[in-house]
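Participant: fold the following, please.
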Amino acid sequence: MDPQRPEVWITGLGLVSSLGEGADAHWAALSAVNPRSAVDEARFAPYPVHALGEIDFSKQIERKGDVRQMGQWQRIGVYAAGLALEDAGLARDPELLGRTDLVVAAGNGERDEAADANILNALTNGNGGPGERGVLLNRLLQTSFRPTLYLAELSNLLAGNIQIVHGVAGSSRTYKGEEMAGVSAIEDAVRRIGCRQGQLFLVGGAFNAERADLGLVYELCGSLWHHPFKSVWNRAGNGGGFVMGSLGAFLVLESNTHAIARGKRAYAKVSCVHSGRRGIVGETNGSATNAELTSLASEINGPLGILSGASGAEPATGEELKWIDHLDDLGLTPAIRAYGTMLGHSVEAHFPAGVALAAMAIRKRALYDPFDDSGRERIRDGRLDHAIVTGRGHWRGEGFALVEPASNN
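Facilitator: Residues are numbered from 1 along each chain as shown. Model (predicted):
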């Protein structure tokens with residue numbers, strides 16, 4: 001590694017999920033003996049969901065008008081971003097916020113499900129031929145949807161709302177592309193800090209799992225788990241599938257020199273990030289990334305923890321397990337934790353959440369207890385100095401990050 005290249009420190013974390021809000025709440029829930037996930041199996045039956053815990057959004061989004069004009073996924077993201085800024089000591093500091101660059105992983109905006117249902121019912125129950133139904137459809141579309149609400153749901157306006165509500169005034173980039181967006185957002189910030197194109201970044205994403213329209217999309221793709229809840233590693237016997245989880249995950253990434261100058265302690269440092277593209281069955285686009293990941297794991301001395309972003313969907317999760325078995329064949333015995341078992345799968349926000357969990361574990365120098373009883377997750381005692389976060393997506397897109405101790409933590 002270039003000794004002159006800035007280190008990338010994680011100096012702030014913002015997490016909201018079914019387990020609560022904030023780094024401390026998540027550490028307490030995940031580091032407990034026999035940690036338990038919070039899953040709602042009734043509301044969207046037969047599809048379990050990790051529903052968001054109770055949150056008072058006014059604590060981070062003070063103006064009621066701002067709350068009203070956002071969809072739930074934007075509220076989750078803006079709230080998590082605010083927690084990260086507070087944790088890093090940036091909140092309400094115009095000078096620092098003015099130099100904070102923003103990188104967001106975002107999905108599509110939310111539909112008005114009630115309006116959709118009313119329109120479909122009207123068209124189904126209406127009389128007349130196709131021409132008359134077309135006239136009815138146009139009228140309903142003009143009167144049922146508010147243009148301002150539609151505009152507020154554009155993907156890049158999650159970043160816009162973070163800038164408006166929290167005063168983040170640096171550059172802004174938004175990535176789309178499901179899980180790959182989360183990997184790309186982290187990779188973008190890490191590389192820009194390393195190349196001295198910025199010193200202070202707010203990075204992350206948000207996902208609202210409690211959406212019937214989104215559940216329909218993923219079920220049509222055959223991606224959802226629709227059985228009684230099981231852990232990520234225990235789903236293959238029933239064909240696999242992921243359980244959606246509402247989640248907001250933002251991190252403050254900062255050059256070591258900048259953090260030291262302002263006296264800020266780091267959770268950990270991001271030593272490297274790599275991304276690739278895993279294609280459909282039969283393609284080999286992911287092989288290069290697998291080789292890089294295996295090489296990295298082989299070079300690490302000392303106990304290694306792996307925060308696996310496996311979703312439970314097949315064939316991606318099966319490929320993750322093959323890679324884990326390959327590590328065993330090489331004589332490596334890392335402790336694996338599939339954090340989707342605890343938080344659900346949060347698509348764009350999933351990889352940033354994994355990096356956040358790794359940073360907490362590195363600061364505490366301890367890995368979480370196993371998240372399930374599959375036998376895949378070995379108990380690991382003793383000091384933890386290296387954590388790899390993996391991401392494979394539920395269908396396409398992969399990446400990994402190495403998280404290690406910073407010099408001042």
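
Participant: in contact with Arg211: list those residues for me.
Facilitator: Going by Cβ atoms under 8 Å, 6 or more residues apart in numbering, Arg211 touches 72, 110-111, 113. Any C-beta I mention is one placed from the backbone N, CA and C, and that applies to glycine too.

Participant: what's the closest of the residues you listed to Gly245?
Facilitator: Gln72 (13.5 Å; Cβ to Cβ).

Participant: can you count the residues close to the closest one?
Facilitator: Other residues within reach of Gln72 by the criterion other Cβ atoms under 10 Å amount to 16.

Participant: over to Arg196?
Facilitator: Here the number of neighbours of Arg196 (other Cβ under 10 Å) works out to 12.

Participant: I figured it hits Val8, correct?
Facilitator: No - judged on Cβ atoms under 8 Å, Arg196 makes no contact with Val8 at a distance of 11.6 Å.

Participant: would you map the helices across the stretch 1-150 of the chain?
Facilitator: In the stretch 1-150 of the chain, the helices defined using DSSP state H, counting those that start in this stretch lie at 23-30, 64-69, 72-87, 94-97, 113-125, 130-144, 147-152.

Participant: same check, this time on the stretch 301-409 of the chain
Facilitator: For the stretch 301-409 of the chain, the helices identified by DSSP H, counting those that start in this stretch occupy 316-329, 340-343, 350-364, in order along the chain.

Participant: and of the helices of the stretch 1-150 of the chain, who's closest to Leu384?
Facilitator: helix 23-30 (13.4 Å).

Participant: what packs against the closest one?
Facilitator: Helix 23-30 is packed against strand 8-17, helix 350-364, with contacts defined by 3 or more Cβ pairs under 8 Å, 6 or more residues apart in numbering; DSSP states H and E.

Participant: let's have these in TSV, adding mean neighbour count, mean pLDDT and distance to Ser231.
Facilitator: Rendered in TSV, the data for those read as follows (neighbours: other Cβ atoms under 10 Å; pLDDT from 0 to 100; distance: least, Cβ to Cβ, whole Å):
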stretch	mean neighbour count	mean pLDDT	distance to Ser231
strand 8-17	29	98	16
helix 350-364	28	98	16
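
Participant: need the ones you listed in JSON lines (columns: distance to Cys272).
Facilitator: Shown next, in JSON lines, are the helices and strands packed on helix 23-30 (distance: least, Cβ to Cβ, whole Å):
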{"stretch": "strand 8-17", "distance to Cys272": "9"}
{"stretch": "helix 350-364", "distance to Cys272": "12"}
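
Participant: tell me which of those lies nearest to His226.
Facilitator: Short answer: helix 350-364, nearest of these by Cβ to Cβ, at 19.8 Å.

Participant: please save the CA atoms from that closest one in CSV.
Facilitator: Coordinates of the C-alpha atoms in helix 350-364 are reproduced here as CSV (Å, rounded to 0.1, in the frame of the first residue of the first chain):
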residue,chain,number,x,y,z
HIS,A,350,-27.5,-3.9,2.4
PHE,A,351,-23.8,-3.5,1.7
PRO,A,352,-23.5,-0.2,3.6
ALA,A,353,-25.2,-1.9,6.6
GLY,A,354,-22.7,-4.7,6.4
VAL,A,355,-19.8,-2.3,6.5
ALA,A,356,-21.4,-0.5,9.5
LEU,A,357,-21.7,-3.8,11.4
ALA,A,358,-18.1,-4.7,10.6
ALA,A,359,-16.9,-1.3,11.8
MET,A,360,-18.7,-1.8,15.2
ALA,A,361,-17.2,-5.3,15.6
ILE,A,362,-13.7,-4.0,14.8
ARG,A,363,-14.0,-1.1,17.3
LYS,A,364,-15.1,-3.7,20.0
